[in-house]
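Novice: Fold the following.
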Amino acid sequence: MPLFRFLPAALLGLLATGAMAQPAAARNMLYLQGSASAGGTHILTLGTTLPWHTSGWQLGSGALSGHWDAYASYWNYRGVQRSGLWLLGLTPVLRWTPDGGRSAWFVQAGIGVTLMDHLYEKPGKSFSTAFNFASHLGVGLRLGEHRQQELMLSVQHISNARIKRPNPGINLVQLRYAVHW
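Specialist: Numbers count the residues shown, from 1 in each chain. So this is what the prediction gives:
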């Protein structure tokens, strides 16, 4: 798809727009993420988070906050006709931080949408749609003197929610490094 050739410029534009739109207290995040599946698919992702304009909510002994997660990924795999694809994703995410939001640890979950530049097809597994849903659950740790960095380990499932068959889905283990700005 020609649209995906302009992916890097579009992502940088989104990052710049998000940075200008956020108050200083709600910092954006830029991240690099590596993912792998049991079937030999390896994924590299560049993304950003855009905090929701809210102070969050108290939930039990912790604080609940939300953000948008916008990302672009390149998938490398041994396919039937191709060996790679580009994917764009957008996910609303909820994050719970213990100790009233003061803890360095957090847990987050989200369900969003993705769009591939062509179908994911490899021996034994073929997606029937380029549009899919992505859900994840992760645990992370904020690092640094001002907690401006993060490490997160998560699991993600991507499938089309039975919009069309076959719907094999894919499960991924992900490691993310992020920097707030």
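
Novice: contacting residues around Pro98?
Specialist: Ser61, Gly62, Trp105, Phe106 (C-beta atoms under 8 Å, 6 or more residues apart in numbering). For glycine as for every other residue, the C-beta is placed from the backbone atoms N, C-alpha and C.

Novice: how deep is the first one tucked in, by neighbour count?
Specialist: Spelled out, that is Ser61. Using other C-beta atoms under 10 Å, Ser61 has 10 neighbouring residues.

Novice: same deal with the one 4 residues further on?
Specialist: Burial measure for Ser65: 21 neighbouring residues, criterion other C-beta under 10 Å.

Novice: So what pairs up with it in the strands?
Specialist: When bridges are called by DSSP bridges, Ser65 pairs up with Arg95.

Novice: so where's the protein uncertain?
Specialist: 1-26 (pLDDT under 70).

Novice: Strands along that one, start to end?
Specialist: Here the chain has its strands, by DSSP state E, at 29-36, 42-51, 57-59, 62-76, 84-97, 105-116, 121-122, 125-126, 131-143, 149-159, 170-180.

Novice: Which residues does the last one contact?
Specialist: This points to strand 170-180. Contacts of strand 170-180 (C-beta under 8 Å, 6+ apart): 27-39, 41, 43, 45, 49, 120, 125, 136, 138, 140, 147-159.

Novice: now the angle from it to strand 149-159?
Specialist: 150 degrees (axes from the mean of the first three to the mean of the last three C-alpha atoms, to 10 degrees).

Novice: Could you tell me which strands sit next to strand 170-180 in the sheet, and their orientation?
Specialist: Sheet partners by DSSP bridges: for strand 170-180, these are strand 29-36 (antiparallel), strand 149-159 (antiparallel).

Novice: Run the chain-centre distance for the longest one.
Specialist: Mean C-alpha position of strand 149-159 versus that of the full chain (C-alpha atoms, centre = their mean, to the nearest Å) differs by 7 Å.

Novice: Give me the buried positions along that strand.
Specialist: For strand 149-159, a neighbour-count test (16 or more other C-beta atoms under 10 Å) marks Glu150, Met152, Ser154, Gln156, Ile158, Ser159 as buried.

Novice: And the first one, by the same measure?
Specialist: Residues of strand 29-36 classed as buried under the neighbour-count rule (16+ other C-beta under 10 Å) are Met29, Leu30, Tyr31, Gln33, Ser35.

Novice: nearest residue to Glu121 other than its sequence neighbours?
Specialist: Nearest-residue entry for Glu121: Val80, 4.4 Å, with adjacent residues in sequence omitted and distances by C-beta to C-beta, 6 or more residues apart in numbering.
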